[in-house]
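Undergrad: Sequence below, structure please.
(one chain, ligands or ions: 3)
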Amino acid sequence: MQAISNDRIPNNVSLASDQRLQRALLNWQPSFINWWKEMGPEGFLSSRVYLRTAVSVDAEGWAFYDYVRMPEYRWGIFLAPREENRAIGFGDNLGQKAWQEVPGEHRGALRRLIVTQADTEPASVEQQRDLGKTCPSLYDLRNLFQVNVEEGRHLWAMVYLLHSYFGRDGRDEADELLARRSGNVDNPRILHTFNEPIDDWLSFFMFTTFTDRDGKFQLLALAESGFDPLARTCRFMLTEEAHHLFVGQTGVQRVIRRSAELMNQHNTDDIARHGGIPLTLLQKYINFWYSNSLDLFGSEVSSNAASYFAAGLKGRAFEEKLFSEHRALNQTYQLELWENGKLSPTEISLRSAMNELLRDAYTQDNLRAVEKWNKDLLAHHIDYQFTLPQKRFHRKVGEYADRPFDPMGHPISEAAWRERLSEYLPTNEERAFVKTLMQPITNEGEVAGWIAPPNKGINGQAVDFKYVLLS
Ligand code: BYC
Ligand code: FE
Ligand code: FE
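TA: Ligands and ions are numbered 1, 2, ... in the order given. This next block holds a predicted model:
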């Protein structure tokens, strides 16, 4: 058998001397490349893209930039360095040695968590595959592809865990990850948000703001895991997630800036006819993507989440820093449950509220993002502020699923919901309007009219750098 060199699959898991893992990966890699060619960015297989590749985990090595063709990207396997004598930081097994192998009694649950995490990564690449054709600039095109290849690497990271620690059924799960398809009726992706199409760039920037932030918080919770290889894998993934969130945050910010400029220039809110996206429409996109992403945290009251926590499989974000009692015993969480046609305040055990706790932390982080956008509006002397809808609004999962609540979280009638829907969420006409703005701009340094140029380029390069060499 041909050995896999570190050059082909950069890694810090001693791949070169691990025959079993090599065999599994050598089988899987061609399927992954075929999947990429079929489901990855449409129309850019031979373009050379200025991309960052992780070649080692130290500060210099993890951000190596060069032009590459995406199918030749070197997807690597990296875990944050191992801590000697790491102990489990929460739950019933608090203080025991972290596991280096999968404990038999938690095998099913761990596999399920890893597969669910893994499934989102290729799903997002599939959702975004047509965006390249309508890029607002080469800078943005490059950022899209950077996010795509890194989500591809996140899939590799999870497949490494499945291959190394779960034997035969791990390999089967790894194959399934390349078989499901976002939005496919017969074989869809696992979580519903990852079956929504992302077919315009505003949605892409909203997704990388709100949905990648779910990624951040789920990874933070899994980075606490007592299963050490999972914790270390997620820690490294978090370093990449920061760039995805940057793409979302600054992407939406640039749209807002451009809209503000057009409003000031034409002295009107009605900037659609000047090729801008009205602020009220941006708010509707926020409502849609934020509420959609809230669903990804699961039910408010969850026995699954309680048992993950008890077992030490999935913890709270920043467990050590933010909490003093790490078993979460004899404590409660206040929640408004929907009972007999009204909201009633209820106390549930803290352990069953773990999904809700993570959702709260996620919301706080989003509020900071929205605040920054609002500062831009102030700087342009515009009297408008974006808000996040209350968490009950437009939910499809959990306690409030499929019940009509307005963006303030007040229960309303079905009739009122239908009547006001077009004030809350983008209508088909508005989505169609946004799509009319999506015309490709591929000359160096040029930027589409609905979005402001970026403040600076990538890796110290100029904004008008040739980030993608189209073929
Ligand atoms: N859609 O007790 P519950 C990312 C199911 S994003 C469909 O609340 P639990 C990324 C659930 O499976 C981060 N079904 O569930 C971002 C259960 O089914 P069963 C992804 C759902 O287990 C951008 C039932 O409802 N990572 O990385 O506490 C680009 C009862 O549920 C959904 C993870 O998700 C849903 N939204 O919580 C690229 C981490 N929600 O048992 C990448 C791993 C729930 O009745 N996953 N259900 O058959 C988990 O930790 C958990 O599975 C969840 C669900 C938090 C997702
Ligand atoms: Fe990811
Ligand atoms: Fe991401």
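
Undergrad: What count of nearby residues applies to Tyr39?
TA: Let me fix one detail, which is that residue 39 is Met and not Tyr. For Met39, the count of nearby residues is 17 (other Cβ atoms under 10 Å). To be clear about C-beta, it is placed using only N, CA and C from the backbone, and glycine gets the same treatment.

Undergrad: what does Phe44 give?
TA: For Phe44, using other Cβ under 10 Å, the count is 23.

Undergrad: And Thr427, by the same measure?
TA: Quick note: Thr427 (other Cβ under 10 Å) scores 14 neighbours.

Undergrad: which phi and psi does it have?
TA: In terms of degrees, to the nearest 10, the main-chain angles of Thr427 are phi -80, psi 170.

Undergrad: quick one, what contacts it?
TA: Not one residue lies near Thr427 by Cβ atoms under 8 Å, 6 or more residues apart in numbering.

Undergrad: Quick check: the gap between it and Trp201.
TA: From Thr427 over to Trp201 the distance is 19 Å, taken as Cβ to Cβ, to the nearest Å.

Undergrad: what's the answer for Arg316, then?
TA: Shown here: Arg316 relative to Trp201, a distance of 34 Å by Cβ to Cβ.

Undergrad: Just the pLDDT for the residue in the stretch 201-350 of the chain that ligand 1 sits nearest to.
TA: Taking Cβ to the nearest ligand atom as the measure, the stretch 201-350 of the chain has Gly298 as its residue closest to ligand 1, at 2.6 Å. On the pLDDT scale, Gly298 is placed at 98.

Undergrad: mind listing the strands for the stretch 201-350 of the chain?
TA: 332-339, 342-349 (DSSP state E, counting those that start in this stretch).

Undergrad: The helix or strand following the last one packs against which elements?
TA: Per DSSP states H and E, strand 342-349 leads on to helix 354-379 as the next helix or strand towards the C-terminus. On a contact count with 3 or more Cβ pairs under 8 Å, 6 or more residues apart in numbering; DSSP states H and E, helix 354-379 meets helix 212-222, helix 228-266, helix 279-294, helix 303-311, strand 332-339.

Undergrad: Just give the nearest non-adjacent residue to Val68, would you?
TA: What sits nearest to Val68 in space, not counting adjacent residues and going by Cβ to Cβ, 6 or more residues apart in numbering, is Leu51, at 5.4 Å.

Undergrad: any idea how far that neighbour is from Trp289?
TA: Leu51 is 26 Å from Trp289, by Cβ to Cβ.

Undergrad: Also Asp214?
TA: Using Cβ to Cβ, Asp214 is found at 10 Å from Trp289.

Undergrad: repeat for Ser471
TA: When Ser471 is compared with Trp289 (using Cβ to Cβ), they lie 33 Å apart.

Undergrad: neighbour-wise, which of the two wins?
TA: Remark: of Ser471 and Trp289, Trp289 carries more neighbours, 24 against 9, as counted by other Cβ under 10 Å.

Undergrad: who's in contact with the nearest residue to the more buried one once chain neighbours are set aside?
TA: Leaving aside its sequence neighbours, Trp289 sits nearest to Met206 (Cβ to Cβ, 6+ apart; 3.9 Å). If you count contacts by Cβ under 8 Å, 6+ apart, Met206 has them with 248, 252, 285-286, 288-289.

Undergrad: Neighbours of the residue of the chain found nearest ligand 2, how many?
TA: Residue of the chain nearest ligand 2, by Cβ to the ion: His154 (3.7 Å). Applying other Cβ under 10 Å, we find 27 residues neighbouring His154.

Undergrad: chain center to whatever helix or strand it lives in: distance?
TA: Element membership of His154, judged by DSSP H and E, is helix 138-165. Relative to its chain's centre, helix 138-165 lies at 11 Å (Cα atoms, centre = their mean, to the nearest Å).

Undergrad: the inter-axis angle of it versus helix 228-266?
TA: Angle, helix 138-165 to helix 228-266, by axes from the mean of the first three to the mean of the last three Cα atoms, to 10 degrees: 160 degrees.

Undergrad: Helix 138-165 vs helix 212-222, what angle?
TA: Using the same axes, to 10 degrees: helix 138-165 against helix 212-222 is 30 degrees.

Undergrad: Now the next helix or strand after helix 138-165: buried residues?
TA: Downstream of helix 138-165, the next assigned helix or strand under DSSP H and E is helix 167-177. Across helix 167-177, burial judged by 16 or more other Cβ atoms under 10 Å covers 170-171, 173-174, 177.

Undergrad: before we move on, what about stretch 103-122?
TA: By neighbour count on 16+ other Cβ under 10 Å, the buried set for stretch 103-122 is 106, 109-111, 113-122.

Undergrad: Could you list which of those residues belong to helices?
TA: In this view, the buried residues of stretch 103-122 that belong to helices under DSSP state H are 109-111, 113-122.

Undergrad: With pLDDT added, can I get those in TSV?
TA: Below are these laid out as TSV (pLDDT from 0 to 100):
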residue	pLDDT
Ala109	98
Leu110	98
Arg111	98
Leu113	98
Ile114	98
Val115	98
Thr116	98
Gln117	98
Ala118	98
Asp119	98
Thr120	98
Glu121	98
Pro122	98
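
Undergrad: among those, which two are most distant?
TA: Between any two of those, the greatest separation by Cβ to Cβ is 22.2 Å, found for Ala109 and Pro122.
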